[in-house]
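[1] sharing a model that was predicted from the sequence below.
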Amino acid sequence: MIHACTCKRTRLEPNLKLHAAVVVAITLLALVLLHFSTASGRHSCPPTAAHTTSDGNLTSSVSSDHELFSQVQRDLQDFNESGITLQQVEHAYCRGSRASMRVQVVDGRAYIAGETAAWESRMFRLKTQILDLWLAGGMPEGIDFVIEAEDGPTVGWINEDCPSRGPVLGAAKNPADPEHSHVVLAPDHTFAGWPEAHTLPWNEMLPLLHHAGELQPWEQRSDLLFFRGGATGLRFLLAPDLSSTHPDQLDVQLVDWSTSGFVTLPDHCRYKYLLQLPGATYSAKGGFPSLLCLASMPEVQVCRCCGPCLRARHVILAPSDVGVDSGRLKYLLACGSTVVVSDGPWAEFWSHLARPGEHFLLTDEVSGDNRGTHFANATATLQQDQGLAQRLGDAGQKLVQESLSPRMVQAYWRHLMHSYRSLQEYNATLHPDALPLEQSILLPWVIGGWERTCNLCKP
């Protein structure tokens, strides 16, 4: 995590060799990008033009009527009449979150403005996705938007000067919350990989998890739920004797990772089932997950020592929210195991495709009343109806393989960019805080939100 520093700055002697190497690298990348930009004429390409994605497929082969893209229309509906104005984008930029940046395309070149500090490598991973999209011709000329890497959307305050919230591209929101109506869902940083959570880019994780599932036939998979994690979020509501009361269904314990209760990842390999619970709740005002959530977050962390086959041996996996920014649900579905989902309000850009009873088993959230015993009931139901469990697992795996393939994710980005640009009522002019995208990737300039240049909607 990078913290904004308000302390007195100390002058450091420059490393001339390092500086020269960085300059050369930036120059070379800029030349390559300029070559691609000139060759492809990206700033004028329509959304239906044929372009090759990183996995070698053409996004033009994806119908614009695909159900995946319906989320874009829902997210932008509040701007259909008013359009997207410069004042609104300034509001999103100047009163945005700690972890956000502004993206512009001016004269065929992509820029990043006002990048603020974010958790781990989230911003870098978002920028690499934007780079891939730009090189593939998916960034319309003149587009101007703000994207953030928070776990929950930022709700900036409004006043007479800026009476409406500007659109913010984000990873997750509560669709039922009217204060989230300005949030436009987009693929999160995990699709480009998340080293801190020991995940590879999605175009590598998806086939890897599919292969791991193939190595474990259904009849060889255990049907006992296993979980170890810190007592964060709603986990403290779990009954302390949950596992001993339900030994045939659950092995769930809350531990202190920093003391004698620590369970190593190799120790996790003794178990054949994993239960995934959230590390923290999420605030509608821009909350964040516990750091302990990173230790137990996607089961791919277990794969660091045991390989993805460990997780694929488990019949029942359970995150406790359908759509939080951890992005864990897609990994679980890719295993081909039955996923038990604890009910929750959060949605990602693809969550509307995953339907309870068809792709996963929905249960109530953990509460003071059920104390987690409902997970045992859900497990028992699946144990007694293996046909149901296997159908859910197969359907969930097929969903992510087909509707969340790397080609579809790239197509979603393209559809989102062109739909957004069609509502934008102005052409972007280069912002004073802007850096070329390639420079921002190789040598990022991270500032505090209060340091952003704001001509409108000043904080």
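    Looks like it arrived, so ask away. Numbers count the residues shown, from 1 in each chain.

[2] got the phi and psi for the residue nearest to His359 when sequence neighbours are not counted?
    Nearest non-adjacent residue to His359, counting by C-beta to C-beta, 6 or more residues apart in numbering: Gly396, 4.3 Å away. Just so you know, the C-beta spots here come from the backbone N, C-alpha and C atoms, and that holds for glycine as well. Gly396 adopts backbone torsions of phi -60, psi -40, taken as degrees, to the nearest 10.

[3] Gly396 reaches Leu361, doesn't it?
    No - using C-beta atoms under 8 Å, Gly396 is not in contact with Leu361; the gap is 9.8 Å.

[4] find residues that contact each of these two.
    Residues touching both Gly396 and Leu361 (C-beta atoms under 8 Å, 6 or more residues apart in numbering): Thr338, Val339.

[5] of these two, who's got more company?
    Using other C-beta atoms under 10 Å as the criterion, Gly396 and Leu361 rank with Gly396 on top: 28 against 20.

[6] which residue is the nearest non-sequential neighbour of Leu206?
    Per C-beta to C-beta, 6+ apart, closest to Leu206 is Ala334, 5.7 Å.

[7] now stretch 357-368: average pLDDT?
    Stretch 357-368 carries an average pLDDT of 88.

[8] next, count neighbours for Ser82.
    Ser82 has 11 nearby residues by other C-beta under 10 Å.

[9] does it touch Pro163 like I think?
    No - taking contacts as C-beta under 8 Å, Ser82 lies outside contact range of Pro163: 10.9 Å.

[10] hang on, the earlier thing: show the contacting residues for the residue nearest to His359.
    By C-beta under 8 Å, 6+ apart, the contact set of Gly396 is Leu332, Leu333, Gly336, Thr338, Val339, Ala354, His359, Phe360.

[11] repeat that for 6 Å
    Leu333, Val339, His359, Phe360 (C-beta atoms under 6 Å, 6 or more residues apart in numbering).

[12] what's the answer for Ser64, then?
    Taking C-beta under 6 Å, 6+ apart as the definition, Ser64 has no contacts.

[13] can you give me the strands in the stretch 1-150 of the chain?
    100-106, 109-113, 144-148 (DSSP state E, counting those that start in this stretch).

[14] and if you look at the stretch 151-300 of the chain?
    Using DSSP E, counting those that start in this stretch, strands in the stretch 151-300 of the chain cover 168-170, 183-185, 225-229, 250-254.

[15] quick one, which of those gets closest to Arg452.
    In this view, the strands of the stretch 151-300 of the chain are compared for proximity to Arg452 by C-beta to C-beta, and strand 168-170 is the closest at 14.5 Å.

[16] what pairs with that closest one, and is each one parallel or antiparallel?
    Strand pairing for strand 168-170, using DSSP bridges, gives strand 144-148 (parallel), strand 183-185 (parallel).
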